[in-house]
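**Student:** only geometry, no sequence info:
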């Protein structure tokens with residue numbers, strides 16, 4: 001697209017996904033041969049202080065002046081940006097992370113591909129454009145996220161790119177990332193089609209130990225093979241995450257699935273492969289991880305509940321009525337029913353996230369949901385009308401809920417359903 005002296009191109013993800021046959025959600029544009037003043041005069045609104053990024057006056061899509069960048073310090077913000085009308089399209093594309101993201105398309109549909117991104121699309125390779133890749137540590141996480149997005153299409157990280165990522169980790173570059181950016185990339189990765197690949201890729205280059213040491217610590221720790229044929233706690237956690245991804249698109253569910261067994265990293269080695277009290281041991285590493293990443297409250301809360309209660313939920317058929325009610329009360333299930341159902345999804349993912357158990361039925365999910373419904377139907381009004389007050393009402397309601405669970409359990413047992 002040409003506008004006077006300036007040329008405008010669609011760049012990056014829109015071009016990549018169009019060539020892949022993927023749905024194009026957002027478009028980014030680069031403007032070559034223009035100045036900031038020219039865009040402002042045409043009604044564009046500048047939004048970037050550090051980078052010359054503008055919003056289109058009508059579409060509100062982002063338009064950026066072609067620019068070059070030079071590394072000045074550590075982290076992802078230590079750059080000197082040069083944007084002027086003499087910066088070429090090739091120079092702008094050179095600063096991008098991956099060859100598949102360094103393509104541009106003009107209004108006539110012509111593709112500009114100076115760094116052979118189309119070839120790497122065909123080869124299913126995630127390959128860095130230039131050595132300048134190493135100047136931005138956030139790109140390590142971005143590559144892992146792209147790998148999670150496209151792994152089902154058989155994409156791989158190029159060997160030379162993985163080597164560069166390892167060097168960046170070894171040089172301590174990732175230690176300069178702020179938690180907001182780490183969480184932003186990680187949360188987006190959790191919502192990808194194959195989120196487990198994100199964490200596998202980070203572990204392969206050594207980054208997982210830097211940004212999520214609590215998760216990284218699980219790898220190499222054994223579990224009883226009769227219950228966990230995959231044996232390794234870290235592998236199990238990623239299998240659970242992948243099962244959760246099949247059942248839910250909710251970020252908190254996937255995050256809780258990933259974190260539910262963090263307590264197993266704290267089991268003394270002499271106790272392996274058993275993990276007694278790993279449910280309560282998980283509280284400290286989950287809190288530490290969430291604080292470091294700045295995870296939202298709903299993610300932290302569900303992760304803590306799932307860690308504490310998943311083994312209880314697995315034993316639903318064995319639980320006494322009084323214990324069922326205690327679990328419902330402790331998880332605040334009567335007020336937060338949706339969150340409790342999220343917990344049940346995490347538990348089912350945990351049960352299926354084992355080698356050979358991927359398609360196994362999990363009746364505990366429906367059973368505990370039914371038990372919750374029975375308890376929730378207990379109406380406190382008759383107790384109020386009978387003259388009970390305060391704590392007396394709470395005791396009576398609880399007793400009635402226990403009785404409702406007993407009756408339901410008896411009925412299901414007689415029918416062979418419990």
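**Tutor:** Thanks, I have it. This structure is a prediction, so every number in the text was calculated from the model and none was measured.

**Student:** quick check: residue 68 is in a strand.
**Tutor:** Yes: counting by DSSP: H, G, I helix; E, B strand; the rest coil, one finds residue 68 located in a strand.

**Student:** and it, how many residues sit next to it?
**Tutor:** For residue 68, the count of nearby residues is 17 (other CB atoms under 10 Å). Glycine gets a C-beta too; all of them are placed from N, C-alpha and C.

**Student:** OK, contacts around it?
**Tutor:** Applying CB atoms under 8 Å, 6 or more residues apart in numbering to residue 68 gives the contacts 81, 82, 87, 91, 92, 94, 95.

**Student:** how about the nearest residue to it, chain neighbours excluded?
**Tutor:** residue 82 (4.9 Å; CB to CB, 6 or more residues apart in numbering).

**Student:** from residue 52, how far off is the one you found?
**Tutor:** Relative to residue 52, residue 82 is positioned 10 Å away (CB to CB, to the nearest Å).

**Student:** between these two, which one's more packed in?
**Tutor:** Shown here are residue 82 and residue 52; by other CB under 10 Å, residue 52 has more neighbours (22 against 15).

**Student:** who are the contact partners of that one?
**Tutor:** 36, 46, 64, 65, 67, 81, 83.

**Student:** I figured the second one was touching residue 62, is that so?
**Tutor:** Yep, that's residue 46 we're talking about. No: counting by CB atoms under 8 Å, residue 46 stays clear of residue 62, with 10.9 Å between them.

**Student:** quickly list what's touching both of those two.
**Tutor:** In contact with both residue 46 and residue 62: 53, 54, using CB under 8 Å, 6+ apart.

**Student:** quick one, which of these two is more surrounded?
**Tutor:** residue 62 (16 against 13).

**Student:** the more buried one: what's it in contact with?
**Tutor:** For residue 62, the contact set (CB under 8 Å, 6+ apart) comprises 28, 29, 47, 53, 54, 55, 56.

**Student:** try residue 267
**Tutor:** Residue 267 neighbours (CB under 8 Å, 6+ apart): 221, 274, 275, 276, 278, 281.

**Student:** again, only this time at 7 Å
**Tutor:** Shown in contact with residue 267 (CB atoms under 7 Å, 6 or more residues apart in numbering): 275, 278.

**Student:** before we move on, what about the one 5 residues further on?
**Tutor:** Residues touching residue 272, when contacts are defined by CB under 7 Å, 6+ apart, comprise 221, 222.

**Student:** which neighbours do residue 82 and residue 52 share?
**Tutor:** By CB under 7 Å, 6+ apart, the residues touching both residue 82 and residue 52 are residue 67.

**Student:** picking up where we left off before, so of the contacts of residue 68, which ones are in strands?
**Tutor:** Within the contacts of residue 68, residues falling in strands by DSSP state E are 81, 82.

**Student:** could you dump the contacts of residue 68 to CSV with distance to residue 167?
**Tutor:** Output for these, formatted as CSV (distance: CB to CB, whole Å):
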residue, distance to residue 167
81, 25
82, 26
87, 29
91, 25
92, 25
94, 20
95, 19
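
**Student:** of the contacts of residue 68, grab the buried ones for ChimeraX.
**Tutor:** Buried residues within the contacts of residue 68, by 16 or more other CB atoms under 10 Å, are selected in ChimeraX with:
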select :87,92,94,95
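
**Student:** so among the contacts of residue 68, where is pLDDT lowest?
**Tutor:** Least confident of these in the model: residue 81, at 76.

**Student:** ramachandran angles for the closest residue to residue 34 other than its chain neighbours?
**Tutor:** Spatial nearest neighbour of residue 34, chain neighbours left out: residue 6 (3.8 Å); criterion: CB to CB, 6+ apart. The phi/psi pair for residue 6 (degrees, to the nearest 10) reads phi -100, psi 150.

**Student:** next one: the lengthiest helix in the chain to chain centre, how far?
**Tutor:** Counting residues, the longest helix in the chain under DSSP state H turns out to be helix 391-414. Centroid separation for helix 391-414 versus its chain: 39 Å, with CA atoms, centre = their mean, to the nearest Å.

**Student:** who are the packing partners of it?
**Tutor:** helix 321-330, helix 363-376, helix 381-385 (3 or more CB pairs under 7 Å, 6 or more residues apart in numbering; DSSP states H and E).

**Student:** so where is the stretch 1-150 of the chain shaky, pLDDT-wise?
**Tutor:** 1-4, 48-50, 70-80 (pLDDT under 70).

**Student:** so where do the helices sit in it?
**Tutor:** With DSSP state H, counting those that start in this stretch, the ranges of helices along the stretch 1-150 of the chain come out as 13-20, 36-41, 89-94, 117-123, 138-150.

**Student:** my guess is residue 365 contacts residue 348. True?
**Tutor:** Yes: assessed by CB atoms under 7 Å, residue 365 is found in contact with residue 348 at 4.9 Å.

**Student:** look at these two and report which has more neighbours.
**Tutor:** A count of neighbours by other CB under 10 Å puts residue 348 above the other of residue 365 and residue 348, at 26 against 20.

**Student:** pLDDT score for the more buried one?
**Tutor:** 98.

**Student:** just the pLDDT for the closest residue to it other than its chain neighbours.
**Tutor:** Nearest residue to residue 348 in three dimensions, chain neighbours excluded: residue 362, at 4.3 Å (CB to CB, 6+ apart). Per-residue pLDDT puts residue 362 at 98.

**Student:** which residues does residue 362 contact?
**Tutor:** 348, 351, 352.

**Student:** mind telling me what element the nearest residue in space to the last one that is not next to it in sequence is part of?
**Tutor:** Spatially, and ignoring its direct neighbours in sequence, residue 352 is nearest to residue 243 (4.5 Å; CB to CB, 6+ apart). Residue 243 is part of helix 233-247 when elements are defined by DSSP states H and E.

**Student:** quick one: the residue nearest to residue 352 and residue 349 touch, right?
**Tutor:** Yes: counting by CB under 7 Å, residue 243 touches residue 349, with 4.0 Å between them.

**Student:** who has more neighbours, the two?
**Tutor:** residue 349 (28 against 24).

**Student:** any idea how far residue 13 is from residue 175?
**Tutor:** The value you get for residue 13 to residue 175, if CB to CB is used, is 28 Å.
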